[in-house]
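1. Dropping the sequence and predicted coords here.
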Amino acid sequence: MKHVVVLIACVLLASCGYFTDKPDETKTMTAEQLYKAARDRMDSGYYDGAIEYYEKLQARFPFGPFAQQAQLELAYSYYKSEQPASAIAACERFIKLYPTHPNMDYAYFLKGLSNFNQGKGLTQRYLPTDPSQRDPGAALRSFDDFSELIKRFPDSRYVNDAQQRMVYLRNILAQHEVNVAQYYIRRGAYVAAANRARYVVENYQQTPSMPDALLVMARAYRVLQMDDLADDTIRVIELNYPNHPGLLRLKDIRVR
(Lines give C-alpha, C1' and ligand atoms only; values in the text may rest on other atoms or scores of the structure.)
Protein backbone atom coordinates (compact mmCIF):
# COMPACT_ATOMS: atom_id res chain seq x y z
CA MET A 1 0.00 0.00 0.00
CA LYS A 2 2.88 2.30 0.88
CA HIS A 3 4.41 1.73 -2.54
CA VAL A 4 1.08 2.57 -4.21
CA VAL A 5 0.87 5.88 -2.33
CA VAL A 6 4.40 6.77 -3.35
CA LEU A 7 3.64 5.89 -6.97
CA ILE A 8 0.51 8.07 -7.00
CA ALA A 9 2.46 10.98 -5.49
CA CYS A 10 5.10 10.64 -8.18
CA VAL A 11 2.47 10.62 -10.89
CA LEU A 12 0.81 13.73 -9.46
CA LEU A 13 4.12 15.57 -9.23
CA ALA A 14 4.95 14.62 -12.80
CA SER A 15 1.52 15.80 -13.93
CA CYS A 16 2.02 19.14 -12.22
CA GLY A 17 5.32 19.52 -13.98
CA TYR A 18 3.74 18.64 -17.29
CA PHE A 19 1.03 21.30 -17.03
CA THR A 20 3.30 24.02 -15.65
CA ASP A 21 3.76 26.83 -18.16
CA LYS A 22 7.07 26.79 -19.93
CA PRO A 23 9.34 29.73 -19.09
CA ASP A 24 9.14 32.60 -21.56
CA GLU A 25 12.45 32.48 -23.35
CA THR A 26 11.87 35.94 -24.82
CA LYS A 27 11.95 37.73 -21.45
CA THR A 28 15.67 38.31 -21.65
CA MET A 29 15.70 39.24 -25.34
CA THR A 30 16.57 42.77 -26.39
CA ALA A 31 14.41 44.81 -28.75
CA GLU A 32 16.77 44.01 -31.59
CA GLN A 33 16.65 40.30 -30.87
CA LEU A 34 12.83 40.32 -30.70
CA TYR A 35 12.64 42.23 -33.95
CA LYS A 36 15.05 39.87 -35.70
CA ALA A 37 13.15 36.83 -34.45
CA ALA A 38 9.85 38.31 -35.61
CA ARG A 39 11.28 39.30 -38.99
CA ASP A 40 12.80 35.86 -39.54
CA ARG A 41 9.42 34.25 -38.91
CA MET A 42 7.63 36.70 -41.19
CA ASP A 43 10.16 36.17 -44.00
CA SER A 44 9.74 32.41 -43.71
CA GLY A 45 5.94 32.67 -43.92
CA TYR A 46 5.33 31.77 -40.26
CA TYR A 47 3.02 34.73 -39.69
CA ASP A 48 1.42 33.58 -36.43
CA GLY A 49 4.87 33.27 -34.89
CA ALA A 50 5.86 36.66 -36.28
CA ILE A 51 2.76 38.24 -34.74
CA GLU A 52 3.65 36.80 -31.33
CA TYR A 53 7.12 38.33 -31.41
CA TYR A 54 6.04 41.67 -32.88
CA GLU A 55 3.39 42.02 -30.19
CA LYS A 56 5.93 41.27 -27.46
CA LEU A 57 8.32 43.79 -28.96
CA GLN A 58 5.64 46.47 -28.97
CA ALA A 59 4.59 45.69 -25.40
CA ARG A 60 8.12 45.84 -24.00
CA PHE A 61 9.75 48.47 -26.20
CA PRO A 62 6.93 50.73 -27.45
CA PHE A 63 9.17 53.72 -28.10
CA GLY A 64 12.37 52.03 -29.16
CA PRO A 65 14.12 52.30 -32.52
CA PHE A 66 12.43 49.13 -33.82
CA ALA A 67 8.87 50.12 -32.84
CA GLN A 68 7.93 51.92 -36.05
CA GLN A 69 8.93 49.24 -38.52
CA ALA A 70 7.61 46.51 -36.21
CA GLN A 71 4.17 48.16 -36.24
CA LEU A 72 4.01 48.10 -40.04
CA GLU A 73 5.32 44.55 -40.30
CA LEU A 74 2.84 43.46 -37.64
CA ALA A 75 0.05 44.84 -39.83
CA TYR A 76 1.42 42.88 -42.79
CA SER A 77 1.63 39.70 -40.72
CA TYR A 78 -2.00 40.13 -39.65
CA TYR A 79 -2.94 40.62 -43.31
CA LYS A 80 -1.10 37.48 -44.42
CA SER A 81 -2.58 35.43 -41.58
CA GLU A 82 -6.07 36.44 -42.77
CA GLN A 83 -6.89 38.70 -39.82
CA PRO A 84 -8.04 41.78 -41.79
CA ALA A 85 -9.64 43.57 -38.84
CA SER A 86 -6.39 43.39 -36.85
CA ALA A 87 -4.39 44.43 -39.92
CA ILE A 88 -6.61 47.49 -40.43
CA ALA A 89 -6.31 48.48 -36.76
CA ALA A 90 -2.51 48.11 -36.92
CA CYS A 91 -2.36 50.26 -40.07
CA GLU A 92 -4.51 52.92 -38.46
CA ARG A 93 -2.22 53.01 -35.40
CA PHE A 94 0.82 53.33 -37.65
CA ILE A 95 -0.78 56.18 -39.64
CA LYS A 96 -1.70 58.00 -36.45
CA LEU A 97 1.60 57.51 -34.62
CA TYR A 98 4.08 58.00 -37.47
CA PRO A 99 2.55 60.46 -39.99
CA THR A 100 5.93 61.37 -41.50
CA HIS A 101 7.25 57.84 -41.88
CA PRO A 102 8.77 57.22 -45.35
CA ASN A 103 6.61 54.09 -45.77
CA MET A 104 3.34 55.86 -45.05
CA ASP A 105 2.13 55.16 -48.60
CA TYR A 106 2.46 51.44 -47.95
CA ALA A 107 0.41 51.77 -44.75
CA TYR A 108 -2.50 53.21 -46.75
CA PHE A 109 -2.06 50.57 -49.44
CA LEU A 110 -2.00 47.74 -46.90
CA LYS A 111 -5.08 49.15 -45.17
CA GLY A 112 -6.85 49.22 -48.54
CA LEU A 113 -5.82 45.63 -49.25
CA SER A 114 -7.07 44.51 -45.84
CA ASN A 115 -10.45 46.13 -46.42
CA PHE A 116 -10.42 44.73 -49.98
CA ASN A 117 -10.25 41.19 -48.56
CA GLN A 118 -12.44 41.75 -45.51
CA GLY A 119 -15.57 39.64 -45.52
CA LYS A 120 -14.15 37.14 -48.00
CA GLY A 121 -14.52 33.83 -46.25
CA LEU A 122 -13.39 30.42 -47.44
CA THR A 123 -16.38 30.10 -49.77
CA GLN A 124 -15.70 33.42 -51.49
CA ARG A 125 -12.04 32.58 -51.98
CA TYR A 126 -12.44 29.20 -53.60
CA LEU A 127 -15.93 29.15 -55.12
CA PRO A 128 -17.35 31.49 -57.77
CA THR A 129 -19.54 34.09 -56.05
CA ASP A 130 -20.93 37.49 -56.95
CA PRO A 131 -19.09 40.08 -54.80
CA SER A 132 -21.79 42.66 -55.53
CA GLN A 133 -24.19 40.61 -53.41
CA ARG A 134 -22.14 41.21 -50.26
CA ASP A 135 -22.35 44.14 -47.87
CA PRO A 136 -20.58 46.99 -49.70
CA GLY A 137 -19.12 48.53 -46.54
CA ALA A 138 -15.65 46.97 -46.86
CA ALA A 139 -15.54 47.74 -50.58
CA LEU A 140 -16.35 51.39 -49.90
CA ARG A 141 -13.68 51.62 -47.21
CA SER A 142 -11.14 49.96 -49.47
CA PHE A 143 -11.99 52.38 -52.28
CA ASP A 144 -11.52 55.32 -49.89
CA ASP A 145 -8.18 53.95 -48.66
CA PHE A 146 -6.82 53.59 -52.19
CA SER A 147 -8.20 57.01 -53.11
CA GLU A 148 -6.42 58.55 -50.12
CA LEU A 149 -3.19 56.83 -51.12
CA ILE A 150 -3.38 58.26 -54.65
CA LYS A 151 -4.24 61.73 -53.39
CA ARG A 152 -1.47 61.87 -50.80
CA PHE A 153 1.22 59.95 -52.66
CA PRO A 154 0.63 60.31 -56.42
CA ASP A 155 4.17 59.11 -57.18
CA SER A 156 3.98 56.01 -55.00
CA ARG A 157 4.86 52.69 -56.59
CA TYR A 158 1.55 51.35 -55.24
CA VAL A 159 -0.60 53.81 -57.20
CA ASN A 160 -0.97 51.66 -60.32
CA ASP A 161 -2.14 48.63 -58.33
CA ALA A 162 -4.49 50.82 -56.28
CA GLN A 163 -6.03 52.34 -59.43
CA GLN A 164 -6.76 48.94 -60.91
CA ARG A 165 -8.37 47.77 -57.70
CA MET A 166 -10.46 50.96 -57.58
CA VAL A 167 -11.85 50.23 -61.05
CA TYR A 168 -12.84 46.76 -59.87
CA LEU A 169 -14.36 48.11 -56.65
CA ARG A 170 -16.26 50.81 -58.52
CA ASN A 171 -17.83 48.20 -60.76
CA ILE A 172 -18.84 46.13 -57.75
CA LEU A 173 -20.35 49.11 -55.95
CA ALA A 174 -22.31 50.11 -59.05
CA GLN A 175 -23.67 46.60 -59.51
CA HIS A 176 -24.64 46.44 -55.85
CA GLU A 177 -26.73 49.59 -56.27
CA VAL A 178 -28.39 48.07 -59.35
CA ASN A 179 -29.12 44.89 -57.39
CA VAL A 180 -30.86 46.96 -54.72
CA ALA A 181 -32.80 48.93 -57.36
CA GLN A 182 -33.95 45.70 -59.00
CA TYR A 183 -35.04 44.38 -55.61
CA TYR A 184 -37.16 47.51 -55.13
CA ILE A 185 -38.70 46.93 -58.55
CA ARG A 186 -39.68 43.39 -57.57
CA ARG A 187 -41.24 44.73 -54.37
CA GLY A 188 -43.16 47.41 -56.24
CA ALA A 189 -41.22 50.26 -54.60
CA TYR A 190 -40.79 52.17 -57.86
CA VAL A 191 -39.80 55.54 -56.43
CA ALA A 192 -37.02 53.95 -54.39
CA ALA A 193 -35.96 51.90 -57.43
CA ALA A 194 -35.76 54.99 -59.65
CA ASN A 195 -33.76 56.91 -57.06
CA ARG A 196 -31.30 54.07 -56.55
CA ALA A 197 -30.82 53.59 -60.28
CA ARG A 198 -30.38 57.32 -60.83
CA TYR A 199 -27.63 57.29 -58.20
CA VAL A 200 -25.74 54.77 -60.33
CA VAL A 201 -26.17 56.90 -63.46
CA GLU A 202 -24.93 59.99 -61.65
CA ASN A 203 -22.03 58.43 -59.73
CA TYR A 204 -20.89 55.33 -61.59
CA GLN A 205 -20.73 56.30 -65.23
CA GLN A 206 -18.75 54.09 -67.61
CA THR A 207 -19.30 51.02 -65.47
CA PRO A 208 -20.83 47.82 -66.88
CA SER A 209 -23.91 48.39 -64.71
CA MET A 210 -24.96 51.60 -66.48
CA PRO A 211 -27.41 50.04 -69.00
CA ASP A 212 -29.14 48.00 -66.30
CA ALA A 213 -29.48 51.10 -64.13
CA LEU A 214 -31.04 53.01 -67.04
CA LEU A 215 -33.45 50.14 -67.67
CA VAL A 216 -34.59 50.21 -64.04
CA MET A 217 -35.07 53.97 -64.23
CA ALA A 218 -37.10 53.76 -67.43
CA ARG A 219 -39.31 50.99 -66.12
CA ALA A 220 -39.91 52.73 -62.79
CA TYR A 221 -40.75 56.04 -64.51
CA ARG A 222 -43.15 54.30 -66.88
CA VAL A 223 -45.01 52.53 -64.08
CA LEU A 224 -45.13 55.82 -62.14
CA GLN A 225 -46.62 57.43 -65.30
CA MET A 226 -43.70 59.85 -65.52
CA ASP A 227 -43.70 59.36 -69.28
CA ASP A 228 -41.42 62.24 -70.25
CA LEU A 229 -38.66 60.94 -67.98
CA ALA A 230 -39.25 57.38 -69.16
CA ASP A 231 -39.03 58.41 -72.83
CA ASP A 232 -35.86 60.42 -72.23
CA THR A 233 -34.24 57.48 -70.46
CA ILE A 234 -35.22 55.06 -73.23
CA ARG A 235 -33.70 57.37 -75.83
CA VAL A 236 -30.43 57.36 -73.88
CA ILE A 237 -30.47 53.56 -73.85
CA GLU A 238 -31.27 53.37 -77.58
CA LEU A 239 -28.42 55.76 -78.35
CA ASN A 240 -25.77 54.13 -76.17
CA TYR A 241 -26.91 50.50 -75.88
CA PRO A 242 -29.05 49.87 -79.00
CA ASN A 243 -28.68 46.08 -78.82
CA HIS A 244 -29.54 45.67 -75.17
CA PRO A 245 -32.22 42.92 -74.83
CA GLY A 246 -34.04 44.87 -72.15
CA LEU A 247 -35.15 47.48 -74.68
CA LEU A 248 -37.87 45.21 -76.05
CA ARG A 249 -39.44 44.80 -72.63
CA LEU A 250 -39.35 48.56 -72.13
CA LYS A 251 -41.13 49.18 -75.42
CA ASP A 252 -43.81 46.70 -74.42
CA ILE A 253 -44.40 48.70 -71.27
CA ARG A 254 -44.61 51.90 -73.30
CA VAL A 255 -47.33 50.50 -75.58
CA ARG A 256 -49.65 49.65 -72.72
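-> Perfect, I can see it now.

2. Need the residues that contact the strand or helix carrying Val216.
-> Assigned by DSSP states H and E, Val216 belongs to helix 210-223. Residues from elsewhere that reach helix 210-223 (C-beta atoms under 8 Å, 6 or more residues apart in numbering): 174, 177-178, 181-182, 185, 190-191, 193-194, 196-198, 200-201, 204, 227, 229-230, 233-234, 236-237, 240-241, 244, 246, 249-250, 253-254. The way it works is simple: take the backbone N, C-alpha and C, and place the C-beta from them, glycine included.

3. which among those end up buried?
-> 174, 177-178, 181-182, 185, 190, 193-194, 196-198, 200-201, 204, 229-230, 233-234, 236-237, 241, 244, 246, 250 (16 or more other C-beta atoms under 10 Å).

4. thinking again about what came up before, among the contacts of helix 210-223, which are located in helices?
-> 174, 177-178, 181-182, 185, 190-191, 193-194, 196-198, 200-201, 227, 229-230, 233-234, 236-237, 240, 246, 249-250, 253-254 (DSSP state H).

5. quick one on the thing from earlier: if you compare the directions of the helix holding Val216 and helix 190-203, what angle comes out?
-> Angle, helix 210-223 to helix 190-203, by axes from the mean of the first three to the mean of the last three C-alpha atoms, to 10 degrees: 150 degrees.

6. Could you check the angle helix 210-223 makes with helix 227-240?
-> Orientation check (the same axes, to 10 degrees): helix 210-223 against helix 227-240 gives 160 degrees.

7. what about helix 210-223, distance to the chain center?
-> 30 Å (C-alpha atoms, centre = their mean, to the nearest Å).

8. Now do that helix, average pLDDT.
-> Average pLDDT, helix 210-223: 95.

9. before we move on, what about stretch 227-236?
-> Here the average pLDDT along stretch 227-236 is 93.

10. And for stretch 61-78?
-> If you average the pLDDT over stretch 61-78, you get 92.

11. Repeat that for stretch 102-121.
-> Here the average pLDDT along stretch 102-121 is 89.

12. and it, how far from the chain's centre?
-> 7 Å.

13. Quick check: buried residues in it?
-> 104-118.

14. now stretch 35-49
-> 35, 37-39, 41-42, 46-47, 49.

15. what's in contact with that stretch?
-> 26, 29, 50, 52-54, 57, 66, 69-70, 73, 76-78, 80-81.

16. and which of these is nearest Ser156?
-> Among those, Tyr76 lies closest to Ser156 (C-beta to C-beta), at 16.4 Å.

17. which residues touch the host helix or strand of that closest one?
-> Using DSSP H and E, Tyr76 maps to helix 67-80. The contact list for helix 67-80 (C-beta under 8 Å, 6+ apart) reads 35, 38-39, 42, 45, 47, 50-51, 54-55, 57-58, 61, 84, 86-87, 90-91, 93-94, 97-98, 101, 103, 106-107, 110-111, 113-114, 117.

18. how about 6 Å then?
-> Residues from elsewhere that reach helix 67-80 (C-beta atoms under 6 Å, 6 or more residues apart in numbering): 35, 42, 47, 50-51, 54, 57, 86-87, 90-91, 94, 98, 110, 114.

19. Next step: the residues you listed restricted to helices.
-> Using DSSP H, these in helices are 35, 42, 47, 50-51, 54, 57, 86-87, 90-91, 94, 110, 114.

20. contacts for stretch 149-156?
-> Contacts of stretch 149-156 (C-beta under 6 Å, 6+ apart): 105, 108-109, 159, 162.

21. That'll do, ta.
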